[in-house]
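Participant: Sharing a sequence plus its predicted fold:
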Amino acid sequence: IPGVVGQQADGEGVAKEIKLFVNTAGLSVVQPRVFQTELLVKLGDTLLGIVDTMVKVGTAKLRTKKSAEPVLFNCLPGETVTRTVQLRNCGNIPLALEAVLEDMSQGRFACEQNMIIPPDSDFVFPVTFTCSQTARLTTSQHSLQLSVTPNGPKHLISLQT
């Protein structure tokens with residue numbers, strides 16, 4: 001929380017950050033619910049401030065294409081190819097997503113690493129592969145891992161070069 005000040009030994013003020021976590025286990029939400037309260041910030045018996053807080057509780061659900069077929073990146077050495085992966089947030093709150101691509105010697109994958117998908121929305125996710133100049137023309141399997149953050153499920157998308 002910006003503006004909450006601590007005291008160093010030399011009397012200088014130090015900005016502090018307080019992280020709040022809300023456990024909503026067992027709460028079934030069809031429509032997002034909003035909870036509001038006041039957070040009293042105290043040091044001993046001294047009230048330092050009152051912070052209005054609001055928590056929006058809902059569900060973020062990632063849907064990906066259920067296909068056994070990998071996303072194909074057919075290219076020659078030195079070429080760059082971009083393909084798209086269709087994603088959907090079927091939930092009722094924004095979905096935070098982190099993408100991780102594996103490293104490889106035949107070339108380099110690139111994509112956006114962090115994104116937010118609005119509720120009840122589709123997202124076209126571009127993935128680019130640049131084939132190295134010295135790559136051999138062989139087929140290889142790779143994966144794109146999509147993780148709902150901060151602690152949601154992981155989804156694997158198969159990629160083939």
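Facilitator: Structure's in. What do you need?
Participant: Okay, buried residues for stretch 124-136 please.
Facilitator: Across stretch 124-136, burial judged by 16 or more other CB atoms under 10 Å covers 125, 127, 129-131, 135. In this view, the C-beta of every residue, glycine as well, is placed from N, C-alpha and C.
Participant: any idea of the mean pLDDT in that stretch?
Facilitator: Averaged across stretch 124-136, pLDDT comes to 85.
Participant: Spit out the contact partners of residue 122.
Facilitator: Applying CB atoms under 8 Å, 6 or more residues apart in numbering, we find residue 122 in contact with 86-88.
Participant: The same query, at a cut-off of 6 Å, please.
Facilitator: By CB atoms under 6 Å, 6 or more residues apart in numbering, residue 122 lies in contact with residue 88.
Participant: Farthest pair within the buried residues of stretch 124-136?
Facilitator: Of all pairs drawn from the buried residues of stretch 124-136, the widest gap by CB to CB lies between 125 and 135 and measures 24.0 Å.
Participant: Give me the most central residue, this structure.
Facilitator: Centroid check for the chain by CA atoms, centre = their mean gives residue 97 as the closest residue, at 2.5 Å.
Participant: Could you find the closest non-adjacent residue to it?
Facilitator: residue 115 (5.2 Å; CB to CB, 6 or more residues apart in numbering).
Participant: Give me the distance between that neighbour and residue 47.
Facilitator: 40 Å (CB to CB, to the nearest Å).
Participant: Neighbour count: those two, which is higher?
Facilitator: More neighbours surround residue 115 than the other of residue 115 and residue 47, with 15 against 10 (other CB atoms under 10 Å).
Participant: can you tell me how far that one sits from residue 39?
Facilitator: For residue 115, the distance to residue 39 (CB to CB) stands at 30 Å.
Participant: does residue 158 sit in a helix or strand, and which one?
Facilitator: strand 154-160 (DSSP states H and E).
Participant: Could you list the paired strands of that strand along with their orientation?
Facilitator: Strand 154-160 sits in its sheet next to strand 71-72 (parallel), strand 141-149 (antiparallel), going by DSSP bridges.
Participant: Would you format those strands as TSV with mean neighbour count and distance to residue 20 included?
Facilitator: What follows is those, written out as TSV (neighbours: other CB atoms under 10 Å; distance: least, CB to CB, whole Å):
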stretch	mean neighbour count	distance to residue 20
strand 71-72	16	39
strand 141-149	16	17
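Participant: ok, what's across the strand from residue 100?
Facilitator: Here residue 100, judged by DSSP bridges, has bridge partners residue 145.
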